[in-house]
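Novice: Return a 3D structure for these sequence lines:
(one chain, ligands or ions: 1)
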Amino acid sequence: ESFGCVNFFFLEFQNRVTRSDDVKKEPQGGSIFKIRTTVFFFIYGFLVLLAFIGFLVWRLRRSKFQARNSKMHFENICQELDGSEDPVPESMKDAPINDKIDYLPYKKNYEIAKENLEKGPVLGHGMFGVVKKGYLKMADPKTEDEQKMKLEVAVKSVKNTYALDQISMLAAELRLMCAIGKFPNVLALVGAVTSELRKGHLLIVTEYIDQGDLLEYVRKHRHLFEDHLVPDKTEPVSYLTPLSAKRKTYHFKNEEGETEKAISQNLDSLTTSDLLSFGLQIANGMQYLSTIPLVHRDLALRNVLLKKNKTIRIADFGMARKYDDKTYYKQSSKEVPVPIRWMSPEAVHNMKFTQQSDVWSFGICLYELFTLGGLPYPTIDNEDIYVYIQSGRRCLQPDHCHVELYDLMKLCWNAKPELRPTFTHIVEYFVEHMKKSAEHVYDFVEDMLRLEAESQRKLDDWIRINRSEASEVDLKSV
Ligand SMILES: Nc1ncnc2c1ncn2[C@@H]1O[C@H](COP(=O)(O)OP(=O)(O)OP(=O)(O)O)[C@@H](O)[C@H]1O
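Specialist: Predicted coordinates for the structure are as follows:
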């Protein structure tokens, strides 16, 4: 703009000089013209210089203002990490922790020294974040063996360290994870690096889950799928058969004809038993979260991680405040798994996320499982899904799913949130159903979860040893 103004004055000035020259027609025009031109160029150069200096000063002041602003913002995030000093208001005591996020502190004993954390290859990207593999060294190794010990971890950070709102969201996720604690089907927090938060660096360190997300796993292995649900030919199936009888017309059978088959720990096998086990484990993790209470808001197979022993972890708690903006959902591409397909109608309508809307999403997760990674409402565009659901229509019964499980899905998709089952009911339903038709799968899951609880307890021990405060306490007590 400054340059534009200067140019304008220059043209105007030149016009006037030319016009006055025409009128007066000086006899010694040559030398006077030269003087005028010199004066003009001098003034012009001076103005340009002035504009340039003005521009530099403006830039400097703006960047100083921005730096002061972001410093203040980072300072705020640091203060927020400590949680509000005020007690939680009585009216919010029973509210989900998502609503009480301002009161949740980051527990300082989770702090990890940056130099003890080595970063490895990228494991995956989210919308705003990037997750890398990491190796955590012991904070205070006493022996040579301990010096060599490294814990495999996953390290989450934001893609853009200048995006203050994203760092703020990651900080909120960290505070939520501190409050969640440990449970076999929920991703556990190992620690965080907050020491460089003022420079925009915040790292959340969680346990490393080796097989990535469950959606990708079922999609990759769908060609290997073995359906162990065999229709029982001994039961008459006709139009007149009552529904209750039809429900008993399945039993489990593997290729060798055995009716009892435990889950194969081979990752290159995917069977109905696996699908049932994954469904039960997700319900189990969600039941734990609902007792905190925490509303996940983004329950989908892409946010469930798989370990090589076929146990799962519910992950990605970054949703606490992420979807405040309605425009975020309305993506038109069918390829991108946008949350609208996982959201209950009331969540789409008024952003009301509750445990009941998580239950709806759980029903969609079951659909994803039993379609071996299919997209919910595959023939409907994102823009039309709300109207489709409101008209009472739902996802169709998947091929590999028996009636009892489809019944459960439909219960989860009740238009009235208060009529949907709770996660406690869902777990009971699963357990009862599995004890009846697939007891071996249920026993397997129970055993695996016992082992997982043990391994998370060991992880907790590791974390405790690594906490500087803990080692100080130990030294004092010695
Ligand atoms: N603990 C972990 N262990 C192994 N892989 C992980 C772990 N956490 C995340 N990943 C991988 O990184 C990917 C992205 O993770 P995540 O969804 O948590 O990131 P995000 O940035 O929060 O995504 P979004 O924008 O959807 O919230 C996951 O799909 C998964 O493949």
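Novice: Measure how buried the spatially closest residue to residue 307 that is not a sequence neighbour is and give me the count.
Specialist: Counting by C-beta to C-beta, 6 or more residues apart in numbering, residue 307 lies nearest to residue 209, which is 5.5 Å off, once chain neighbours are set aside. (C-beta placed from N, C-alpha, C; glycine too.) Residue 209 is flanked by 21 other residues according to other C-beta atoms under 10 Å.
Novice: Might you report the residue contacts of residue 209?
Specialist: For residue 209, the residues meeting the contact criterion (C-beta atoms under 8 Å, 6 or more residues apart in numbering) are 154, 187, 305, 306, 307, 313, 315.
Novice: how many neighbours does the residue of the chain found nearest the ligand have?
Specialist: Among the residues of the chain, residue 126 lies nearest to the ligand; the distance is 1.7 Å by C-beta to the nearest ligand atom. Each residue near residue 126 was counted by other C-beta under 10 Å, and the total is 15.
Novice: Ok, residue 66 next?
Specialist: 11.
Novice: Need the pLDDT of it.
Specialist: Predicted confidence (pLDDT) for residue 66: 78.
Novice: How much space separates it from residue 72?
Specialist: 11 Å (C-beta to C-beta, to the nearest Å).
Novice: same check, this time on residue 424
Specialist: Plainly put, residue 424 is 45 Å away from residue 72 if you go by C-beta to C-beta.
Novice: in a helix, that's where the residue nearest to residue 307 is, yeah?
Specialist: No: assessed by DSSP: H, G, I helix; E, B strand; the rest coil, residue 209 does not belong to a helix; its assignment is coil.
Novice: Identify the residue nearest the residue nearest in space to the middle of the chain in space, chain neighbours excluded?
Specialist: Nearest to the geometric centre of the chain sits residue 316, at 3.5 Å (C-alpha atoms, centre = their mean). Using C-beta to C-beta, 6+ apart and skipping residues adjacent in sequence, the residue nearest residue 316 is residue 303, 4.1 Å away.
Novice: Let me see the contact set for that neighbour.
Specialist: Listed by C-beta under 8 Å, 6+ apart, the contact partners of residue 303 are 213, 314, 315, 316.
Novice: ranges for the helices of the stretch 151-300 of the chain?
Specialist: Taking DSSP state H, counting those that start in this stretch as the criterion, the stretch 151-300 of the chain carries its helices at 164-180, 214-220, 243-246, 272-291.
Novice: Need the winner for burial among the ones you listed.
Specialist: With neighbours taken as mean count of other C-beta atoms under 10 Å, those reach their highest mean count in helix 272-291, at a mean of 23.
Novice: Next one: it, is it in contact with the ligand?
Specialist: No: contact of helix 272-291 with the ligand (C-beta under 6 Å from any ligand atom) is absent, the minimum separation being 14.0 Å.
Novice: tilt between that helix and helix 164-180?
Specialist: When axes from the mean of the first three to the mean of the last three C-alpha atoms, to 10 degrees is applied, the directions of helix 272-291 and helix 164-180 differ by 90 degrees.
Novice: wait, residue 125 sits on residue 157?
Specialist: No: applying C-beta atoms under 8 Å, one finds residue 125 not in contact with residue 157, separated by 11.2 Å.
Novice: Doesn't the residue nearest to the centre of the chain belong to a helix?
Specialist: No: counting by three-state DSSP, residue 316 is located in no helix; its state is coil.
Novice: and this protein, which residues reach the ligand?
Specialist: Along the chain, the residues adjacent to the ligand under the rule C-beta under 6 Å from any ligand atom are 123-129, 131, 154, 187, 206, 208-209, 212-213, 302-303, 305, 315-316, 318.
Novice: and with 8 Å instead?
Specialist: Within the chain, the residues that sit near the ligand (C-beta under 8 Å from any ligand atom) are 123-131, 133, 153-154, 156, 173, 187, 206-210, 212-213, 216, 298, 302-303, 305, 313, 315-316, 318-319, 322.
Novice: Give me the buried entries from those residues.
Specialist: The neighbour-count test (16 or more other C-beta atoms under 10 Å) marks 123, 128-129, 131, 133, 153-154, 156, 173, 187, 206-209, 213, 298, 302-303, 305, 313, 315-316, 318-319, 322 as buried among the residues of the chain next to the ligand.
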